[in-house]
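Enquirer: need coordinates for the following:
(4 chains)
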Amino acid sequence: MNLNYTAAEEAFRAEVRAFLEAELPADIRSKVRLGRRMQKDDLVRWQKILYRRGWGAGMWPQRYGGADWSVVEQHIFDEEAAAAGAPPQIAFALRMVAPVLMSFATAAQQNYFLPRIICGEDWWCQGYSEPGSGSDLASLRTSAVREGAHYRVTGQKTWNTLGQYADWIFCLVRTSSDARPQQGISFLLIDMKSPGITVRPIITIDGEHEINDIFFDNVQVPVENLVGEENKGWTYAKFLLSHERTNNAGIGNCKRALKRLKEIATRQSQNGRPLIEDSRFRDRIAQVELELMALEITNLRVLSAVSTESRAPGPEVSLLKIKGSEIIQQLAELQMHALGHDALPYLREALEVDWVPAPLLADHYAAFAPPLTGQYFNYRKTTIYAGSTEIQKNIISKLVLGL
Amino acid sequence: MNLNYTAAEEAFRAEVRAFLEAELPADIRSKVRLGRRMQKDDLVRWQKILYRRGWGAGMWPQRYGGADWSVVEQHIFDEEAAAAGAPPQIAFALRMVAPVLMSFATAAQQNYFLPRIICGEDWWCQGYSEPGSGSDLASLRTSAVREGAHYRVTGQKTWNTLGQYADWIFCLVRTSSDARPQQGISFLLIDMKSPGITVRPIITIDGEHEINDIFFDNVQVPVENLVGEENKGWTYAKFLLSHERTNNAGIGNCKRALKRLKEIATRQSQNGRPLIEDSRFRDRIAQVELELMALEITNLRVLSAVSTESRAPGPEVSLLKIKGSEIIQQLAELQMHALGHDALPYLREALEVDWVPAPLLADHYAAFAPPLTGQYFNYRKTTIYAGSTEIQKNIISKLVLGL
Amino acid sequence: MDFRLTEEQLALQETLRRFIAKDYNFERRRSLARSPLGYSAQAWAQYAELGLLGLPYPEEFGGLGGSGVDIMAVMELVGQGLLLEPYVSTVVLCGGLLRDAAARAIKEALLPQIAAGKLQIALAAYEAAGRYELAHVASTAVRAAKGWRLTGRKSVVLDAPSADYFLVSARSSGKRTDAEGISLFLVRRDAPGLTLQAYPTQSGGRAADLHLQDVAIDDDAVIGAPERALPVIERAVDQGIAALCAEALGIVTALNEATLNYLKTRKQFGTVIGSFQALQHRMADMFIAAEQTRSMAIIAAIQAAGDEPATRRRAISGAKAYIGQAARFVGQQAVQLHGAMGVVDELNVSHYFKRLTMIDMTFGDADHHLARFSDALRVEAIGAAS
Amino acid sequence: MDFRLTEEQLALQETLRRFIAKDYNFERRRSLARSPLGYSAQAWAQYAELGLLGLPYPEEFGGLGGSGVDIMAVMELVGQGLLLEPYVSTVVLCGGLLRDAAARAIKEALLPQIAAGKLQIALAAYEAAGRYELAHVASTAVRAAKGWRLTGRKSVVLDAPSADYFLVSARSSGKRTDAEGISLFLVRRDAPGLTLQAYPTQSGGRAADLHLQDVAIDDDAVIGAPERALPVIERAVDQGIAALCAEALGIVTALNEATLNYLKTRKQFGTVIGSFQALQHRMADMFIAAEQTRSMAIIAAIQAAGDEPATRRRAISGAKAYIGQAARFVGQQAVQLHGAMGVVDELNVSHYFKRLTMIDMTFGDADHHLARFSDALRVEAIGAAS
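Expert: As a prediction, this is how the structure comes out:
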């Protein structure tokens, strides 16, 4: 047993770090670090830069243009990218629809979609949840009726993330009501420019537009856009979820937030002295840091086991989701608390990249302050989405513990 | 709304305090304060003293020799008694079997048993739980078969508290298996000297003998010892539980433990300074103290409502049990932690009232240390017995919240 | 000992309940929060009519001579209705401070105006580098030929944009963290040298940073004893804290009601989610937290006006710390149990949660007050031992 | 990066597992705990035969040159079996300290004896007024014509009653809490002036208080540099802590297994209690705590012998704090979920719980180590900022 990286892995880390140093655009880095509002272009630009370097999709197989990284290499990349202030890549495309396409799609579908994903040409979003079908996904009702060479899709998807930017949406739709709910579901790829699609923003608790309702009103989808077999979509959906889970812990992101928290606590004052000198506040930081120390190793243990045994991540990754989401929530909570009364202002304009604080504000309201309260509010979602903490505990209880 | 006691209540408090000061025997007070092992005689002696003062049973009606106290007076008495280091009265007799007798027994039964209870003549214990029938009490199997003027009782009761001292046991027994489990249960009073009764000690986690298995092997019980009607015992059992609940919060006991904790933390050293000066340890105390501050008011609010509305305590008292048991556990945990390495010694003999520490121990191992670790272990029971925390949350969820 | 509200208090709550249902529903509240003023001037006038704005003042100053429990009764409904008006700043904090510490002439001039809804005042006592420490005052008050000259910055002054006056703390002697040397000044909104930087807050109200540059103040605008104003400020803030505790209670109650209702109606896997035991026990914990919150809010309401600082601090810091924690638990769990519905702007749950969070962050968060309570405990324990 | 145990480590664990099943079942363990010695001399001899007692020493001193992970592999089973022998005191703490800091002659004389099961040593480094602070040394070492004279008291010296030697810290200069001025002495059990007050501990082992009255010590019995022994003691204790972390892991694993089994078999209201969702989620939390505990135990095992104190302290204090909390949670919940069966002496659950509790209380509880970790974080954060 050892916790050391191999020389090759250390060399890879140096390579990643040098690349980030040289290629990560300063404006993007600054937006990430200051928590300013990201635009579609920021994320697409970064994906294109990664693609040019051959790192558009680290863990994709080489035959699809991927870098064929090991889990440890991917971990190193994620950690360095987060530390450098790189934005996340779009998981819906790279880690969700792509693995499904690789495993279940036709060669024609693969040849068309995968290159467009890896180079940043197409933005994908997800059409899973519906009003009334959240955790109980199989009860979904959006229907796709086969009519010659098309499906006619009608229904509503909700809790759709960043669909306002999307070129394509992958959807679970009901193609049969005959058998068990799970057996009548199909996996469809739908062009977001199709007539009959309406995207309606849902404003979240922090006042931002990140999620949407998507309405399908008799949308025509060519049958070529069916993935795999009709009524087998539930199988693909479950396969996708196991891939969504691989970066569940979000260690890199947590590490960056922890580092940021320490900086903030060092710069904020309490009765004229740095807040970090208050042992009580520091103990709160220490407590979260311990959780993260443990989770980093737990995460690597799980990934190593998966990699050693050449299998898909199993139900044990639910613990990574539970802990990772709690840790990032706690870090966000502490970042906000570090602000004291400065947590109260709500300055929407301060999330723009070119915001310059009014002179009267600037002398105390630090550059890091504006996004923190909203972020605390927004991050309540992390224990709800992608399988709530309660659902994850059900999974552990049933599939790991056999209860 | 006001939190002040009336002049009459304040006068009563002064009276209680003076009485305790004058009448509580020094040796008993010292045992309670130092957490030394209590003997049956200590508790009986104290009950007799209270009886002589007319306070043998504070909340019993005067016609049974009680003091007819209001809930507030009982609260004042409990608080002062705990603060003074008085031992608890035996709830099984005074607060459990007695109310059942008053409501459901014959005049003959009342006239025989109640005077013997209040004067400390008879020690009562409880025969409810059986192996396999804990929270699910109605599944009990100890049988009582009517044979002429007697019942023949056979079976096993467990988790019996202090039955080794008892003159009498009140038992739930099965007198019919015909209908729903609840409908075949009767409430029997059994003389512990009856042939066929065996008491087997169960040693608890702290190495002490506080609970027992009680075996009934064809024990003959006169039919006069049936309370109320045959097969109606479940009703009386539930009635009894509502009375058990009235002192659920244990505020007085918690207050004494909190005061003790502060004393201990003031006297224990850390790197040569009083432990209480460590803000971290002090914050732990503060945190429990806040819970107790809130619970004291919540307790009074519940008792006042009960008293104002002249009704039996309802399911809302489950919260008093949940919080009160957690608080006393946390206080015991902190008392142990205050000891540092001195929590490790296990000195059985140090729980005797006449223990004198060996000279080598005495210079650091304080008189308060010996019982604390065992007490922490022992108090794990408080969230388990008399309706576990889980059962109490089920009660709140169903009966208060309607879930 | 009596835990019942009086008939009058219950009637007042019922009036407010009807007012909220009729004039202040969630959609109305949302549009008010987005309006330039940030609250309803009409509602403010209604409060005046109902006597709410003079509630805690003696009758001779146009008030009703109400108690801390009266304020609690009102604030519980302010919480339930998520009311945006600057009630705490003007009526409880600043009006209360003037009532307790101002010269009679000032009380006569201002309190009836407040009670009539014609005057608002905001407290400018916190500075950025001090965090929650009221004794941290770097702003200076320099003696001038006539009166004083104030210079300095005050951050996040709640309800400042609509205020007619400010109560400003400034220092004329001592180090910037000393308890002594602080005076309190009544400063007109239009005083030359005073600048505001206004902004909305996360829970819908308004606030501003204040910049004072050589602002001239008359001698009769000094409130309380010069250089000894800290106890006066602390006592006023303690009363503000008690009011916030009651507001938090109202929100916790409302969130529990909403969540319980959601658990009973929302279905998953063919059954209402309230049938899942893990959620039932969570809801039981939330119920317990609400009951304990009420008890602490009662303690705070009754002790808030106390003269003895140590007793008052124990009650107020204890309540603020405990309620901060309990409300955080209830708020986070209410959001969690509502799932995605808990994090959207269109449902009131997220707004309740944001307001609860901001209450925790105002006048010292739970950690700050736990530390204050704990440090008082040290003094007490060492005193008892010696 | 590799998280697998080696074939040898797995084989060692399997051997211990069989040993426990055959020679150290729960009833046997209970009778040993009640015996005068408090452990099994026969088992100690078996450990020697298996090479366990020389595991962490170089081969030249009769050892196997094992690593921190080897110790972890052993200690995990020590936890599962609730083994009572003084392995940590003699082999890890004192033997490890001699290996790291003693003169070659002492190592040659003592380590092979330890490895052969013929010698036990106990560490006498804590004093009552110091709590968990190793630098708090009031015991004095006075220079004598030949060697030193030791006077003082050492409290709760673990495994002292069966020890042949003690390693005793005493001070010849500095204030009683100074890091400098502390020396470490090898003291024979039968040294004139040394008195023991022995007693059992709450988790079944033995300990004693030591009284030294003018105990004469030769110069060659000084271990490490005179007046600079604190770093040596701290490093040894850190290795002891890592061993306790692995023992706690073994117990947490065993408790989770027992509790899971209980949930699957115990029936209430006609159904196994493991079907109740609130208990399922609790068990899931206990599973998570065990996985996190394993990760922290790994960190501790690998970093325990590190030369760089700041890095080592971060790992060791982090692990001890985290595992203290996680083990408290698992222990308390295992008892709770077992109901009354959890608080009786006749089931192993209560003994596991007591041992976990005593591990937390040994060499600094979770709060102590959280404070150490947190204070190190301050230095780091301020360093990063400047």
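
Enquirer: rest of the way, CA atoms for contacts and neighbours
Expert: Will do.

Enquirer: now do the contacts for the residue in chain A positioned nearest to chain B.
Expert: Proximity to chain B, evaluated over chain A using Cα to the nearest Cα, is greatest for A:Arg280 at 7.3 Å. The contact partners of A:Arg280, by Cα atoms under 8 Å, 6 or more residues apart in numbering or on different chains, come to B:Arg280, C:Asp367.

Enquirer: any idea of the pLDDT on it?
Expert: A:Arg280 is assigned 96 on the pLDDT scale.

Enquirer: you'd agree C:Tyr57 is up against C:Arg99?
Expert: Yes: under the criterion of Cα atoms under 8 Å, C:Tyr57 makes contact with C:Arg99 at 6.8 Å.

Enquirer: quick check: end-to-end length of stretch C:216-232?
Expert: End-to-end distance of stretch C:216-232 (Cα to Cα, to the nearest Å): 22 Å.

Enquirer: list the buried residues of that stretch.
Expert: C:216-217, C:221-224, C:226-232 (16 or more other Cα atoms under 10 Å in any protein chain shown).

Enquirer: now that stretch: average pLDDT?
Expert: On average, stretch C:216-232 scores 96.

Enquirer: cool, and stretch C:135-146?
Expert: 95.

Enquirer: from C:Leu263, how far out is the residue lying farthest from the centre of chain C?
Expert: For chain C, the residue at maximal distance from the C-alpha centroid (Cα atoms, centre = their mean) is C:Gly270, at 43.8 Å. Distance of C:Gly270 to C:Leu263, given as Cα to Cα: 13 Å.

Enquirer: one more: A:Ser307?
Expert: For A:Ser307, the distance to C:Leu263 (Cα to Cα) stands at 41 Å.

Enquirer: now name the helix or strand holding the residue in the stretch 251-386 of chain C that chain D sits nearest to.
Expert: Per Cα to the nearest Cα, C:Ala278 is where the stretch 251-386 of chain C lies closest to chain D, at 4.2 Å. Using DSSP states H and E, C:Ala278 sits in helix C:277-303.

Enquirer: so A:Glu224, which of the three states?
Expert: Using DSSP: H, G, I helix; E, B strand; the rest coil, the structure places A:Glu224 in helix.

Enquirer: now do residue 342, the pLDDT please.
Expert: Let's take chain A. 95.

Enquirer: should've been chain C
Expert: 97.

Enquirer: who touches it in this structure?
Expert: C:Gly342 neighbours (Cα under 8 Å, 6+ apart): C:Ala334, C:Val335, C:Gln336, C:Val349, C:Ser350.

Enquirer: the worst-scoring helix or strand of chain C on mean pLDDT near chain A anywhere?
Expert: Across the helices and strands of chain C, mean confidence by mean pLDDT, DSSP states H and E is lowest for strand C:267-268: a mean of 88. Yes: Strand C:267-268 lies within reach of chain A by Cα under 8 Å from any Cα of the partner chain, at C:Lys267, C:Gln268.

Enquirer: immediately after that strand, which helix or strand?
Expert: strand C:271-272.

Enquirer: and that following strand, what other elements does it pack with?
Expert: On a contact count with 3 or more Cα pairs under 8 Å, 6 or more residues apart in numbering or on different chains; DSSP states H and E, strand C:271-272 meets helix C:230-265.

Enquirer: and the helix it packs on, does that touch chain A?
Expert: No: applying Cα under 8 Å from any Cα, one finds helix C:230-265 out of contact with chain A, separated by at least 11.3 Å.

Enquirer: between C:Tyr57 and C:Arg99, tell me which one has more neighbours.
Expert: Between C:Tyr57 and C:Arg99, C:Tyr57 has the larger neighbour count (other Cα atoms under 10 Å in any protein chain shown), namely 26 against 22.

Enquirer: returning to what we had before: residues contacting the residue nearest to the residue of the stretch 251-386 of chain C closest to chain D when sequence neighbours are not counted?
Expert: Counting by Cα to Cα, 6 or more residues apart in numbering or on different chains, D:Ala278 is the residue found nearest to C:Ala278 once chain neighbours are left out, at 4.2 Å. The neighbours of D:Ala278, taking Cα under 8 Å, 6+ apart as the test, are C:Gln277, C:Ala278, C:Leu279, C:His281.

Enquirer: can you pull the pLDDT of the first one?
Expert: Confidence at C:Gln277, expressed as pLDDT, is 97.

Enquirer: residues near it, how many?
Expert: 21.

Enquirer: how much space between it and chain A?
Expert: In this view, C:Gln277 and chain A are 11 Å apart by Cα to the nearest Cα, to the nearest Å.

Enquirer: looks like A:Met102 contacts A:Tyr112 (just checking).
Expert: No: checked against Cα under 8 Å, the pair A:Met102 and A:Tyr112 is beyond contact range at 11.8 Å.

Enquirer: confidence score at the residue nearest in space to the middle of chain A?
Expert: When Cα atoms, centre = their mean is applied to chain A, the residue found nearest the centroid is A:Ala91 (5.4 Å). Predicted confidence (pLDDT) at A:Ala91: the value is 87.

Enquirer: for it, give me phi and psi.
Expert: Main-chain dihedrals, A:Ala91, degrees, to the nearest 10: phi -60, psi -30.

Enquirer: again with C:Ala208
Expert: phi -160, psi 150.

Enquirer: for it, which non-adjacent residue is spatially closest?
Expert: Nearest one to C:Ala208, counting by Cα to Cα, 6+ apart, is C:Ala198 at 4.0 Å.

Enquirer: same check, this time on A:Ile395
Expert: Nearest one to A:Ile395, counting by Cα to Cα, 6+ apart, is A:Pro315 at 6.5 Å.

Enquirer: hmm, that neighbour is touching A:Lys393, no?
Expert: No: with contact defined as Cα under 8 Å, A:Pro315 does not reach A:Lys393; the gap is 10.0 Å.

Enquirer: higher neighbour count, the two?
Expert: Neighbours per residue, other Cα under 10 Å: of A:Pro315 and A:Lys393, the larger number sits with A:Lys393, 25 against 18.

Enquirer: can you tell me the element the more buried one falls in?
Expert: Counting by DSSP H and E, A:Lys393 is found in helix A:389-395.

Enquirer: elements contacting that helix?
Expert: Against helix A:389-395 (3+ Cα pairs under 8 Å, 6+ apart) you get helix A:318-339, helix D:277-303.
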